[in-house]
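J.: coordinates only, no sequence provided:
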């Protein structure tokens, strides 16, 4: 068998070799004289480090019982008994004793070989051979673990030094690993062999196939060397040591327990205080849920103060606050968390704004506005920031988030109301202008100045300002309730829609104001065109017809929602007024002032003659046209 | 966590606590070594390492077990409290919820009249 070919095929066929020095086994199995003693084993394994592990393979062993296990240049030496081999190696190395032959020296030699500095080139042939073998076996571990590195190895030797060093180190590490593996498998084999005499199944189970074949089981025996029986002093000493250990471990245990007791006691106190505060401050009406505090990473409880569950669609702020236990102050803190992913907590100043309504009345002669009304702060307790009372904090947070949403929705609605005299003054101020009056909705920071202005003497329109503010808030609640009702209803109309028509805050208010003004204008027109011309004519306002409630729901919740929303129907309904102008014996003109979007004016004119027959039924959107039409009727039919 | 899970956990924890404590007491007994060495052949060969292992390792292990058990108990109480807080059901107070719709309507109307003024010619 060709040594080199066999070697190559070996590497190709079985990538993972049995990490056992075959030469060693060979020696052991063949040389009966070589009794395997501990000394022998260590010598062998030391020799291993020099020769590196070779690859053993079962097929080869089967074919050539007498031949060397591997195609290794070392095989000639491998056949030698150790007694001869070791001196030979020592001679080559110029070492005086085996103990001088260190792994480091060998590795250095290998390194030198690899760098091509063949310092040993002039030495005996065996040395050169050995160098080759070293290099070859040196590469093997890389083949085992990483084929690429082997392919790259040669070019890398010429390339940059770090790579070279890296490879070198990698090789060393692999060497060490393989060595350790070799050692441990050797000892495993030893133990297995030893064990196989007493417990064959266990011993054989952990034997390598090679050992099974080459060494008969139960061929190794061992004797237990009885330790000399202890004398009295020794026993006593041991007992004392025993007790000492015991004492020490108990001391350790005591310390451990003490330390943990203190820790647990502290955390228990904290926990106790925490829960006491929670039970004190959190009522069953608060929405509490578990949440991980993003800042501290702890599991904690959070309170939802936003109105999402009540039907709010406000997404700018989810209205969630984490209950955080402040260790230093030993109290519970409510920390609102922002919607965004970042840990930006809304600072107190940006949050604590509330809506304030100012009414300015126009002074006719000066063409200027004076402040005639200001809404008051309805809950004075909101003014004092309170860090101790969680429920009040929640109340504050609820208040502020509601105000923010109100402003948000107001601004949203105001965009569509621009043509009707609604303007933004800045991001915190919406202004509604109507003839003779200006109503400002402003988000005011809740601070001392806000408080101060409430102490000023009452003005004429203070009550109106309060009413409008409360009305807006209630209308927002109505919007929420409508949303809630939509959610409660069966899935027929579940599709998400948020028509602008749903957003009814300013619109009804503005609509009413405008409607009143329209009504006055219409009255003036009628007076001019009809009443002043047709003798005996009169105008009257017909009473509002209340439309019957058509909403009926079986479910109690929806029914009560319907009722509550229904309360506001009168306000939310488009303004509509019916005027009847009787022309004496000449018939009747019915005018209906209505609106299609709360703010515009649509005037329907129905003229019925004395016989009750409808002559005209037309709709105007321009007052000018109405005027002309009334003129036409009066001149053509009445006079 | 359901009640049964909590109860099971409590049982397990108390059991392991008592076991750990019993082991600790057993290990700390001085007689044990002599008793063992009398009854057991290996007792005579008790090396210092085995004594150290027994003493330090076992005692340490049981102590930590003891501590962990107590910690578990704390966790259980926490879980119970959490369940209590999260499981609260808002009280439905029928009397307060009842709304006098007619009164509300009247008030609303009055407020509207206050603000807008009566609709009249």
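T.: In hand now; what should we look at? The shown structure was predicted, so the numbers you read here are calculated from the model rather than taken from an experiment. Numbering: from 1, shown residues only, chains lettered A, B, ... in the order given.
J.: going forward, measure contacts and count neighbours with C-alpha atoms only.
T.: Will do.
J.: could you pull out the helices in chain B for me?
T.: B:3-28, B:31-39, B:48-52, B:59-86, B:94-97, B:101-116 (DSSP state H).
J.: would you format these as TSV with mean pLDDT, mean neighbour count and distance to residue A:512 included?
T.: Putting these into TSV (pLDDT from 0 to 100; neighbours: other C-alpha atoms under 10 Å in any protein chain shown; distance: least, C-alpha to C-alpha, whole Å) gives the following:
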stretch	mean pLDDT	mean neighbour count	distance to residue A:512
helix B:3-28	89	15	59
helix B:31-39	46	13	96
helix B:48-52	67	15	92
helix B:59-86	87	18	46
helix B:94-97	54	8	31
helix B:101-116	83	15	7
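J.: so residue A:505 touches residue A:476, yeah?
T.: Yes: applying C-alpha atoms under 8 Å as the test, residue A:505 and residue A:476 come out as touching, 6.7 Å apart.
J.: average pLDDT across stretch A:396-411?
T.: Average pLDDT, stretch A:396-411: 85.
J.: do stretch A:467-481 as well
T.: Averaging pLDDT residue by residue across stretch A:467-481 gives 88.
J.: show residues contacting that stretch.
T.: Residues outside stretch A:467-481 that contact it (C-alpha atoms under 8 Å, 6 or more residues apart in numbering or on different chains): A:310-313, A:355-357, A:375, A:406, A:502-506, A:561, A:564-565, A:568, B:111-112, B:115.
J.: and if you look at stretch A:195-211?
T.: Contacts of stretch A:195-211 (C-alpha under 8 Å, 6+ apart): A:25, A:58, A:188-189, A:191-194, A:212, A:217-221.
J.: farthest pair in the residues you listed?
T.: Farthest apart among the contacts of stretch A:195-211 by C-alpha to C-alpha are A:58 and A:221. That separation is 26.1 Å.
J.: buried only: go through the contacts of stretch A:467-481 for me.
T.: Burial by neighbour count, 16 or more other C-alpha atoms under 10 Å in any protein chain shown: within the contacts of stretch A:467-481 this picks out A:311-313, A:355-357, A:375, A:406, A:503-506, A:561, A:564-565, A:568, B:111-112, B:115.
J.: now residue A:529: how far from residue A:621?
T.: 17 Å (C-alpha to C-alpha, to the nearest Å).
J.: who's more crowded, these two?
T.: residue A:529 (21 against 15; other C-alpha atoms under 10 Å in any protein chain shown).
J.: give me the element the residue lying closest to that one once chain neighbours are set aside is part of.
T.: In space, and not counting its chain neighbours, residue A:529 is closest to residue A:631: 5.8 Å by C-alpha to C-alpha, 6 or more residues apart in numbering or on different chains. Using DSSP states H and E, residue A:631 sits in helix A:623-633.
J.: next, the buried residues of that helix.
T.: So for helix A:623-633, counting by 16+ other C-alpha under 10 Å, buried means A:623, A:626, A:627, A:629, A:630, A:631, A:633.
J.: distance of residue A:303 relative to residue A:485?
T.: Distance from residue A:303 to residue A:485, by C-alpha to C-alpha: 24 Å.
J.: quick one: pLDDT of residue A:603?
T.: 89.
J.: shouldn't it be in contact with residue A:617?
T.: No: counting by C-alpha under 8 Å, residue A:603 stays clear of residue A:617, with 10.6 Å between them.
J.: more neighbours, these two?
T.: residue A:603 (24 against 13).
J.: now the element after whichever strand or helix holds that one, going C-ward?
T.: Secondary structure assignment for residue A:603, by DSSP H and E: strand A:602-608. Note on strand A:602-608: by DSSP H and E, the next helix or strand toward the C-terminus is strand A:614-620.
J.: flag every residue of the stretch 101-250 of chain A that's near chain B.
T.: Selection of the stretch 101-250 of chain A residues close to chain B by C-alpha under 8 Å from any C-alpha of the partner chain yields A:230, A:235, A:238-239, A:241-243, A:245-250.
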